[in-house]
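Enquirer: I need the structure of the sequence given here:
(one chain, ligands or ions: 1)
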Amino acid sequence: MTIPQHIAIIMDGNGRWAKQRGLPRTAGHKKGAETLKKILKYAREKGVSVVTLFAFSSENWNRPKEEVDTLMDLFRSYLKNDVQALIKQGIRISFIGNRQKFASDIKEQMDKIEAETKNLTAFHVVLALSYGARDDIVLAVQKITERVQQGILLPADITGKMISDSLSTAGIVEPDLVIRTSGEERISNFLLWELAYAELYFTPVYWPDFNELEFDKALASYQKRQRRFGGLDPVK
Ligand code: FPP
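Expert: Numbers count the residues shown, from 1 in each chain. Coordinates of the predicted model:
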């Protein structure tokens, strides 16, 4: 059975999961962090090579301070404890998004973890934090047009590969499958360029309730798809 090499996940529905139980939204995020650990372990066991997780969008800074603070504490604890356990297993961790906006201790941790794990190959976890795909594309365009301005590059010589190589996901294989939980069926400014040929899977299950069985359902759905990448014949 074909296993997607790269799965990108929009972990949505933490707030509604909590509301349903009469709990504060932050309780949903805490439970969501547990789901994240479980799913990463399972994806690796299944033979997936890369998982990208949308953990905090560039717009999420606009949420109430208490919620943002709780999420920052969750990230801190995740980077300090869980990520260290992943590193011991030979797992590479990368971050995409605008890390300038984070408190300096979080930013330093991110830089350190990324540098420390850049040559690890057992599995690759990409955390999208303060991420927005349009911002990422704008930065890529700025990098490329600088070369045009310097006279090194002609506009007509700009290629799709140059754009891919200028994004924060440069060098990472494009996602084969996107999973979005919670019933919302949209991409919400996640990996807009990279998802060009990805298969999309939406489930009504809220992220804190997502589990191995639900992951298997997403894989089964993926395995039924015929990927043609714009051509006529299915690509295996
Ligand atoms: C979307 O649900 C989820 C988020 C904005 C945060 C995702 C964060 C986690 C799963 C916590 C752990 C992450 C790490 C990296 C440790 P929502 O709050 O938008 O839910 P709602 O749409 O039901 O309100």
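Enquirer: C-alpha only now, for contacts and for neighbours.
Expert: Will do.
Enquirer: is it true that residue 125 lies in a helix?
Expert: No - secondary structure of residue 125 (DSSP: H, G, I helix; E, B strand; the rest coil): strand, not part of a helix.
Enquirer: specify the beta-bridge partners of it.
Expert: Listed by DSSP bridges, the beta-bridge partners for residue 125 are residue 51, residue 93.
Enquirer: that one and residue 4: what is the separation?
Expert: When distance is defined by Cα to Cα, to the nearest Å, residue 125 is 14 Å away from residue 4.
Enquirer: and residue 79, by the same measure?
Expert: Counting by Cα to Cα, the gap from residue 79 to residue 4 is 26 Å.
Enquirer: which SSE is residue 191 in?
Expert: Counting by DSSP states H and E, no helix or strand carries residue 191.
Enquirer: how about low-confidence regions in this protein?
Expert: 236 (pLDDT under 70).
Enquirer: and the contacts of stretch 30-50?
Expert: 3-7, 11, 14, 51, 74, 122-126, 207-212, 215 (Cα atoms under 8 Å, 6 or more residues apart in numbering).
Enquirer: this structure: strands as residue ranges?
Expert: Under the criterion DSSP state E, the chain contains strands at 6-10, 50-57, 91-96, 123-131, 177-180, 199-202.
Enquirer: quick check: residues of the protein near the ligand?
Expert: Applying Cα under 6 Å from any ligand atom, one finds that the chain approaches the ligand through 11-16, 29, 32-33, 55-56, 74-75, 78.
Enquirer: PyMOL command for the buried members of the contacts of stretch 30-50?
Expert: PyMOL command restricting the contacts of stretch 30-50 to the buried ones, with burial defined by 16 or more other Cα atoms under 10 Å:
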select buried, resi 3+4+6+7+11+14+51+74+123+124+125+126+207+208+209+210+212
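Enquirer: got the buried residues for the longest helix along the chain?
Expert: Of all segments of type helix in the chain, defined using DSSP state H, the longest is helix 25-45. Buried positions in helix 25-45, judged by neighbour count with 16+ other Cα under 10 Å: 25-33, 35-36, 39-40, 42-44.
Enquirer: same question for stretch 100-113.
Expert: Result for stretch 100-113 [16+ other Cα under 10 Å]: buried residues 106, 107, 110, 113.
Enquirer: contact partners of it?
Expert: Stretch 100-113 is contacted by residues 75, 76, 79, 93, 94, 95, 99, 130 when judged by Cα under 8 Å, 6+ apart.
Enquirer: how many neighbours does the fourth one have?
Expert: It refers to residue 93. Neighbourhood size, residue 93 [other Cα atoms under 10 Å]: 27.
Enquirer: now swap in the first one and tell me
Expert: Residues within reach of residue 75, counting by other Cα under 10 Å, total 19.
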